[in-house]
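Asker: need a 3D model of the sequence below.
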Amino acid sequence: MFELMGKRVLVTGASGFIGKALTRELLRAGTEVHGISRSPDVSGAAGISWWTGDCTDYGFVRTTVRGCRPDIVFHLAGYVYGMRDLEAVLPALHGNLTATVNVLASLAEAGCEKVVLAGSLEEPERGSTEAPSSPYAASKWACDTYARMFHQLYQVPIVNPRIFMVYGPGHWENKKLVPYLVNAFLDNEETKLTGGTRNVDWVYVDDVVNGLLACARSGIVDGSRVDIGTGRLSSVREVAEILCDLIQPATKPVFGAAPDRPFEQVRAAAADEAKQRIGWNAEVSLRDGLAKTVDWYRRNRRGVSGKLQ
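Answerer: Numbers count the residues shown, from 1 in each chain. Next up is the predicted model:
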């Protein structure tokens, strides 16, 4: 079991949704936090040493790793959109795979105690013959393959938490379902959704952060995968109906107004295995998590825009 207090920690994507929540907890744990971001938002981020640049730039990543000499690295930066468009192929390739290889190559050279490499529920199972469902899924699957190679050939101490559908306070990305619905409902705007039948393992952001920290503290460094999710499935329609009940908007969501995306993944986290391997399990129920999220938006809203993807 690793003790985090006093460790030097590097977080890529530190100004993002999960990154901000993670860095807050790392500071509370008594670590020295270094954050990478293309354009860091330093408001409310006292105590973080910022490194501004892009992880697709190997020279920048190598210089940063040499400069901060991290004991533990959380690699969260990347391209996060699951659209199927051809235009997403290159951004997903570079934003995820190129960035991940740059980070792992730099750490293979410099050395560290632990790399926590964020994966995704969209990745096919290891050993599966199914094709990835999107450019994003393909790039994350390739990241997992490279991670296992870096562990086997170069002894990089990696654990790969596969994060399921995270939601919660602080998420301003209006292309994601929960922020899109909350903002639209609070503004009494019409929402056009797919059929709403897709079942998803929704996991609250604070639970995700605790899962990532549990991965960092664990002795697992063998390139293996750990699921960070609840193990329970709830449909898009159920999420929308809970939010309607919490917010009571003047207009209800219109289901079936937007086309369903092809090859949507229906996959629940192996929660019992995560509990056994890293001593972690999600604690926040879907309704409680959505209520916390709505309350946060009511208190912190600002202008957001964007089309739901």
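Asker: other residues contacting the one helix or strand E238 maps to?
Answerer: Per DSSP states H and E: E238 is located in helix 236-247. Helix 236-247 has contacts (Cβ atoms under 8 Å, 6 or more residues apart in numbering) with 177-178, 181-182, 185-186, 191, 193-198, 200, 202, 252-253, 255, 286-287, 290-291, 294. Where you see a C-beta, it was placed from the backbone N, CA and C, and this is true even at glycine.
Asker: partner strands of the following helix or strand past it, parallel or antiparallel?
Answerer: As assigned by DSSP H and E, the chain's next helix or strand after helix 236-247 is strand 254-255. The strands that strand 254-255 pairs with in its sheet are strand 192-193 (parallel) (by DSSP bridges).
Asker: what are the ranges of the strands in the stretch 101-250 of the chain?
Answerer: Per DSSP state E, counting those that start in this stretch, the stretch 101-250 of the chain carries strands over the ranges 114-117, 119-120, 158-163, 165-167, 192-193, 199-200, 202-204, 222-228, 234-235.
Asker: closest to V89 out of the ones you listed?
Answerer: Smallest distance to V89 across the strands of the stretch 101-250 of the chain (Cβ to Cβ): 16.4 Å, for strand 119-120.
Asker: what's near enough to touch T197?
Answerer: So T197 contacts S235, V236, R237, D260 (Cβ under 8 Å, 6+ apart).
Asker: the second one and R261, how far apart?
Answerer: The one in question is V236. For V236, the distance to R261 (Cβ to Cβ, to the nearest Å) stands at 11 Å.
Asker: shared neighbours of those two, which are they?
Answerer: T194.
Asker: which one's more surrounded, these two?
Answerer: More neighbours surround V236 than the other of V236 and R261, with 23 against 14 (other Cβ atoms under 10 Å).
Asker: returning to that earlier point: now list the buried members of the contacts of T197.
Answerer: Using 16 or more other Cβ atoms under 10 Å as the burial test, those include S235, V236, R237 as buried.
Asker: make a markdown table out of those and add pLDDT and distance to T12.
Answerer: What follows is the buried ones among the contacts of T197, written out as a markdown table (pLDDT from 0 to 100; distance: Cβ to Cβ, whole Å):
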| residue | pLDDT | distance to T12 |
| --- | --- | --- |
| S235 | 96 | 33 |
| V236 | 95 | 30 |
| R237 | 95 | 35 |
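Asker: and which of the residues you listed is nearest to G59?
Answerer: Proximity of those to G59 was ranked by Cβ to Cβ; the top entry is V236 with 41.9 Å.
Asker: now the longest helix along the chain against strand 158-163, angle please.
Answerer: Identified as the longest helix of the chain according to DSSP state H is helix 135-154. Inter-element angle recorded for helix 135-154 and strand 158-163: 160 degrees (by axes from the mean of the first three to the mean of the last three Cα atoms, to 10 degrees).
Asker: thanks a lot, see you next time.
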